[in-house]
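# please find the sequence and the predicted model below.
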Amino acid sequence: MIISGKELALSLKRRLAEEVGTFEERYGRVPHLAVILVGDDAGSVSYVTGKAKASAEVGIRNTTLRRPATISEEELLALIAELNADDEVDGILVQLPLPKHIDTDKVIAAVDVSKDVDGFHPLNVAALWQKQPCTLPCTPKGIIKMLKAAGVEIAGKRAVVIGRSNIVGLPVAKLLLDENATVTVAHSRTRNLAEVTSQAEILVVAIGRPRFVTADMVAEGAVVIDVGVNRDPESGKLCGDVDFAAIEPKASVITPVPGGVGPMTICCLMENTVECFLRRMHGRER
Ligand code: GUN
């Protein structure tokens, strides 16, 4: 079975749009997401455009603030402080990666935790690892939603995550653990990677290398979630971290690229924005 993240995201966005449609009357305004894009990296521009499009579909107000790659850290922090103080802004997202002269950790920590729609703020990360209420990072949240929508039983399963980033690998491992999977986090230094991944009943791949996972690395009947968004070095087309054509016949469930995890990530961002908005409207900090 191929899970269409695109279709699932569409139906979730429709439901969200219905809810957001009641907000103007109830709260006097709609949720407002501010997106900061520094520089003009093609990938980042396309992500930010996707976020603006989804906001329009759901009825969320979107302000995308573009700044040149030469912006100083001080100026970026000042912009974030302004958005933190703006009562009409409910969510703040700083598109990553940032230019090298800017300290990304400092920027992430500067976003008011109550507006951290990415779930990247240290307090949100701490809350996730302590199983306390928090804003979940969008991609991991979307992956769990997809697994559940596909009827995949997670509890008791051997799950392998390839990749240990703060954005995907680590938080998705924690969410799988919270769903009672037995989780292994593999990475570039893992010995006998194919042996490890072959044990996986659920395999999540987030390493950013085109078609890195080949058929010999995947068990018959495995559930395969491909988080990769790469340009095929030959055709220039979008492709995942997984060799889809070779693995699809072996997998019980697999996500395509494009149209898999990506749309779910954006959908979860919309959901997180609505959650931040509602917490603010009801006077709750977290
Ligand atoms: N760059 C790649 N993925 C993400 C994400 O989920 N959020 C932000 N802000 N930047 C990213």
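Perfect, thanks for sending it.
# please see if stretch 135-147 touches the ligand.
Yes - counting by Cβ under 6 Å from any ligand atom, the ligand is contacted by stretch 135-147 at C138, T139. C-betas here are computed from N, CA, C, even on glycine.
# meant to ask about stretch 103-123
Yes - using Cβ under 6 Å from any ligand atom, stretch 103-123 comes into contact with the ligand via D118.
# same check on stretch 65-84?
No - remark: stretch 65-84 sits outside contact range of the ligand, by Cβ under 6 Å from any ligand atom, the gap being at least 12.5 Å.
# for the residue in the chain that the ligand sits nearest to, which non-adjacent residue is spatially closest?
Closest approach between the chain and the ligand, counting by Cβ to the nearest ligand atom: L96, at 3.6 Å. Excluding the flanking residues, the one nearest L96 by Cβ to Cβ, 6 or more residues apart in numbering is T104, at 6.6 Å.
# tell me which element the residue of the chain closest to the ligand falls in.
Taking DSSP states H and E as the definition, one finds L96 inside no helix or strand.
# show me what contacts it?
L96 is in contact with S44, T104, I167, counting by Cβ atoms under 8 Å, 6 or more residues apart in numbering.
# avg pLDDT for stretch 96-111?
Mean per-residue pLDDT for stretch 96-111: 98.
# how far does it stretch from start to finish?
End-to-end span of stretch 96-111 (Cα to Cα, to the nearest Å): 14 Å.
# got the buried residues for that stretch?
If you call a residue buried by 16 or more other Cβ atoms under 10 Å, then stretch 96-111 has these buried ones: L96, L98, I102, T104, V107, I108, A110, V111.
# can you put the contacts of L96 in a markdown table and add secondary structure?
Converted to a markdown table, the contacts of L96 look like this (DSSP: H, G, I helix; E, B strand; the rest coil):
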| residue | secondary structure |
| --- | --- |
| S44 | helix |
| T104 | helix |
| I167 | coil |
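# check what pLDDT V242 gets.
If you check V242, the pLDDT there is 98.
# wait, it sits on V227?
No - counting by Cβ atoms under 8 Å, V227 is not a contact partner of V242; they are 9.3 Å apart.
# what touches both of the two?
Common neighbours of V242 and V227 (criterion: Cβ under 8 Å, 6+ apart): V205.
# re the thing from before, the residue of the chain closest to the ligand and D118, how far apart?
Remark: distance between L96 and D118 (Cβ to Cβ, to the nearest Å) = 9 Å.
# shared neighbours, these two?
Residues touching both L96 and D118 (Cβ under 8 Å, 6+ apart): none.
# does L65 count as helix, strand or coil?
Applying three-state DSSP: L65 is strand.
# run through the helices of the chain in chain order.
5-20, 23-27, 42-58, 73-85, 104-110, 122-129, 138-149, 169-178, 193-197, 244-247, 261-281 (DSSP state H).
# for the third one, which positions count as buried?
Within helix 42-58, the residues scored as buried using 16+ other Cβ under 10 Å are S44, Y47, V48, K51, A52, A54, S55, E57, V58.
# tell me what it is packed against?
helix 5-20, strand 32-38, strand 61-67, helix 261-281 (3 or more Cβ pairs under 8 Å, 6 or more residues apart in numbering; DSSP states H and E).
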